[in-house]
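K.L.:
Here is my input; please provide its structure:
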Amino acid sequence: MLPLFFSLWGFAHSLLDVLNKHFQDILGITKARSGWVQAALYGGYAVMAIPAGLIMNRFGYKKGIIFGLLTYAFGAFLFMPAAHIQTFEFTLFCLFVIACGLTCLETAANPFSTVLGPSETSEQRLNLSQSFNGLGWIMGPAIGGLLILGGNSNDPNKFASMTLPYMIIGTLVLLVAILFTVTRMPEIHEGEFDAHGDKGKFRDLLKYPHFKYAVISQFLYVAAQTGINSFFINYVTETMPQFSNEKAAYLLSLGFVFFMAGRFSGSIMMTWFKPNQMLALYAAINVLAMVFVILGLGWLSLIAIYTTYFCMSIMFPTIFALGIKDLGGLTKKGSSFLVMMVAGGAVCPMFMGWIADISKMAFGFAVPLICFAFIIFFGLKGYKVKSAV
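P.N.:
Predicted coordinates for the structure are as follows:
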């Protein structure tokens, strides 16, 4: 059941990258303003993450997941009235509601995967679970490119093409919620106290340096990933004009194939290599790859982006698992904070879009380069679990 959840929110995230370009075309807005598409969804994580953690503490993982699924479905169904209202702002509200549901799902499913087995293999286990996230990431741009970017250009209602994909996903999520309601699953109790005997309060998380570094790393990683996803189509069509928006969306789906391959291979490789070492190595490769992207070298730069997708694959679950390691009774609260850092995706697209508007799209990729540089530090040193201070 958990792999299905990861696929569902992968689809929701990757569909945003199609919407980003779609609104640029139908509304004639700047790249910076189109970044509000990502800001609406990822900003929802910042608003809902702590309440989601409180929900998990009060009602447990299962009820938290059901609440998340129902909220996700409700947000998707709101795209039906959005097609009649036809405003950018109401569409952003729909995405915000979806984000609230996704936040509950991630706050529950991520730590649940890590604690269903030995602590020593938590990073490997979460990477394997999140490998199925790649299925959703692959489907989103492909379906969005076909139904949204490749929709009926003669329809005077330019918002109508967004309705069908969200009605499909809303119906699917609602069916999953019903199925999950009647599915039995073990409830995990990490304990009322943390590993050092302290009462499980949010402020106690500040006693763990590795957790604080993980929070920063997660914010920067999601910022980098979201920025790359958001402007992939723009980058391809500007540097390789032989590709249309629709074909560039299909190329984006191929990028997520590399992403998914990296997740599966990464979970296997962690059997032989330490997760933190793989994280540092992959981040270093991505720093180099971003240099090639900024240079705008055509097919070579496109290969560099695909390399980046492969290496980004292990970052979120590895940072997450390393960050909540040995938190004991603070695990659910720590999870909510790490999920909140998905808000990094609300900042980077607007900043990259601003750079692109005043110069060119390729230069905007300097932002994810800086983000990956910090993750190298976390993988080499910041991950180390130290005594609470």
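K.L.:
Only C-alpha atoms from now on, for both contacts and neighbour counts.
P.N.:
OK.
K.L.:
From Gly353, how far out is Ala366?
P.N.:
Here the criterion is C-alpha to C-alpha, to the nearest Å. By it, Ala366 lies 12 Å from Gly353.
K.L.:
Among these two, which residue is more densely surrounded?
P.N.:
More neighbours surround Gly353 than the other of Ala366 and Gly353, with 25 against 17 (other C-alpha atoms under 10 Å).
K.L.:
can you give me the offset of the helix or strand harbouring the more buried one from its chain's centre?
P.N.:
Taking DSSP states H and E as the criterion, Gly353 maps to helix 344-358. Chain-centre distance of helix 344-358: 17 Å, with C-alpha atoms, centre = their mean, to the nearest Å.
K.L.:
mind listing what's buried in it?
P.N.:
By neighbour count with 16 or more other C-alpha atoms under 10 Å, helix 344-358 contains the buried residues 344-356.
K.L.:
And for the next helix-or-strand element following it, what's in contact with it?
P.N.:
Using DSSP H and E, the next helix or strand after helix 344-358 towards the C-terminus is helix 366-377. With contact meaning C-alpha atoms under 8 Å, 6 or more residues apart in numbering, helix 366-377 is reached by 217, 220-221, 223-225, 227-228, 279-281, 283-284, 286-287, 290-291, 294, 348, 352.
K.L.:
Now flag whichever of the buried residues of helix 344-358 is closest to Thr183.
P.N.:
Comparing the buried residues of helix 344-358 against Thr183 with C-alpha to C-alpha picks out Gly345 as the nearest, at 32.9 Å.
K.L.:
If you drop the residues flanking it in sequence, what lies closest to the closest one?
P.N.:
In this structure, Gly345 finds its nearest non-sequential neighbour in Ala223, 4.3 Å apart by C-alpha to C-alpha, 6 or more residues apart in numbering.
K.L.:
Just give me the neighbour total for Thr30.
P.N.:
16.
K.L.:
In three-state terms, label Asn286 for me.
P.N.:
Counting by DSSP: H, G, I helix; E, B strand; the rest coil, the backbone at Asn286 sits in helix.
K.L.:
give me the number of residues near it?
P.N.:
Neighbour tally, Asn286, other C-alpha under 10 Å: 26.
K.L.:
which ones are touching it?
P.N.:
Thr307, Thr308, Cys311, Met312, Leu369, Phe372 are the contacts of Asn286 under C-alpha under 8 Å, 6+ apart.
K.L.:
Looking at these, state which has the most neighbours.
P.N.:
Phe372 (28 neighbours).
K.L.:
Spell out which helix or strand contains Leu92, please.
P.N.:
helix 88-115.
K.L.:
what distance separates that helix from the centre of its chain?
P.N.:
10 Å.
K.L.:
Name the nearest residue to Thr308, ignoring sequence neighbours.
P.N.:
Counting by C-alpha to C-alpha, 6+ apart, the residue nearest Thr308 is Asn286, at 5.3 Å.
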